[in-house]
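Student: Okay, sequence plus prediction incoming.
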Amino acid sequence: MLQNVAAVLLDGVHPFELGVVCEVFGIDRSDDGLPVYEFAVVSAEGPALGTHVGGLGVTTPYGLDRLDEADLIAVPAGSDYARREYPPELLG
């Protein structure tokens, strides 16, 4: 059963894409009869990341170790993700 969700952020994440994941899994809608998830935003590249929007940053206290308890891992889209190199800890 899906109970624990983590969104993994990489530098250059698109805020809209992150917002969609946060909207679906990070907001408590139990009053509407919907499930509640343990939700965390996780950084794969340090606690502070940039976005593709100039000057807008994102910080999170969670690192990749938080993924161990996740039932679902989402990776919001970002700039040049198709051509970039990924941290080996994320791929392994």
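Tutor: In hand now; what should we look at? Numbers count the residues shown, from 1 in each chain.
Student: quick one: what helix or strand has residue 16 in it?
Tutor: Using DSSP states H and E, residue 16 sits in helix 15-25.
Student: typed the wrong thing, it's residue 7
Tutor: strand 4-9.
Student: okay, the angle between that strand and helix 15-25?
Tutor: 180 degrees (axes from the mean of the first three to the mean of the last three CA atoms, to 10 degrees).
Student: List the neighbouring strands of strand 4-9 plus their orientation.
Tutor: strand 38-43 (parallel), strand 72-74 (parallel) (DSSP bridges).
Student: what's in contact with it?
Tutor: 18, 21-22, 25, 37-45, 49, 58, 60, 62, 64, 66-67, 69-76, 90 (CB atoms under 8 Å, 6 or more residues apart in numbering). All C-beta spots, glycine's among them, are computed from the backbone N, C-alpha and C.
Student: coming back round to it: mind listing what's buried along the helix holding residue 16?
Tutor: Of the residues in helix 15-25, 17, 18, 21, 22, 25 count as buried by neighbour count, 16 or more other CB atoms under 10 Å.
Student: buried sites along stretch 29-42?
Tutor: 37, 39, 40, 41, 42.
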